[in-house]
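**Student:** take a look and give me a structure for this.
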Amino acid sequence: MSNVRDNVRCAVEHSAPSRFPARYYLDAASYFAAYADETVRAASSIDTSALDRAAAVLLDAYTRGRTVFSCGNGGSAAIANHLQCDHLKSIRTGTDITPRVVSLSTNVELLTAIANHLTYDEVFAYQLQSQSVPGDVLVAISSRGCSVNIVRAVTSARDQGMGTIALTGFDGGAVRRLADVSIHVNAVNYGIVEDLHLAVMHALAQCIRQSRMTTGTLLNSAF
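**Tutor:** Coordinates of the predicted model:
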């Protein structure tokens, strides 16, 4: 019930951008065109200075041998898992960086054990308390920014001296306010928010990777 109460509280405390869709569409083609237009609008709402700060935090962690953790629920869990793939394998390819990246959303046995014996609210914070050290970084992905387990993960990370980066949408909730760097998508459509979170994750990985590549390697590499 705590998750429901917090989500409701989050929804009424802050005003949201205009909704999409706000009307019916007769076919998939016209819906996709409108969806694409809304995605472009939402992408333009992202604070570009936050992207620069996030890239700097991540590159610093990778070059110092720190661990970057990621977490999310549902579709955001998929993005957190995808982040481990691209920020470990892709950034390493053709560069002098050997990233250490762990998704806290990927181990179903551990997640269900913590949820069953403790509470689902602690599934990410509990892992951080065992695996992280000061100077590590947490990337928390949450469309609404109100999920209790994400809020607790960010709070725990800050208490442990970790850096924190948030990817949020809607009004951003508590996660947007708590994170050191907040990359916020001003949209209220889950698909569009998640699409842009995935795009941000890819762009950060690719930007970091290309910054450490020689011109010859860059021109002959697939991204």
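
**Student:** who does the helix or strand harbouring Val139 pair up with?
**Tutor:** Applying DSSP states H and E as the criterion places Val139 in strand 137-142. Strand pairing for strand 137-142, determined by DSSP bridges: strand 67-71 (parallel), strand 163-168 (parallel).

**Student:** a markdown table for the ones you listed, including mean neighbour count?
**Tutor:** In this view, the C-beta of every residue, glycine as well, is placed from N, C-alpha and C. Shown next, in a markdown table, are those (neighbours: other C-beta atoms under 10 Å):
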| stretch | mean neighbour count |
| --- | --- |
| strand 67-71 | 25 |
| strand 163-168 | 27 |
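
**Student:** want to throw those strands into TSV with mean pLDDT and distance to Ser18?
**Tutor:** Output for those, formatted as TSV (pLDDT from 0 to 100; distance: least, C-beta to C-beta, whole Å):
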stretch	mean pLDDT	distance to Ser18
strand 67-71	98	30
strand 163-168	98	18
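
**Student:** so which of the ones you listed comes closest to Thr93?
**Tutor:** The stretch from the strands paired with strand 137-142 with the least distance to Thr93 (C-beta to C-beta) is strand 67-71; that distance is 16.8 Å.

**Student:** phi, psi of Asn220?
**Tutor:** Per-residue torsions, Asn220: phi -110, psi 20 (degrees, to the nearest 10).

**Student:** and it, how many neighbours?
**Tutor:** Residues contacting Asn220 under the criterion other C-beta atoms under 10 Å number 10.

**Student:** pLDDT value on it, please?
**Tutor:** pLDDT recorded at Asn220 is 82.

**Student:** correct me, but Val200 touches Thr168?
**Tutor:** No - contact criterion C-beta atoms under 8 Å: Val200 and Thr168 do not qualify, at 10.8 Å.
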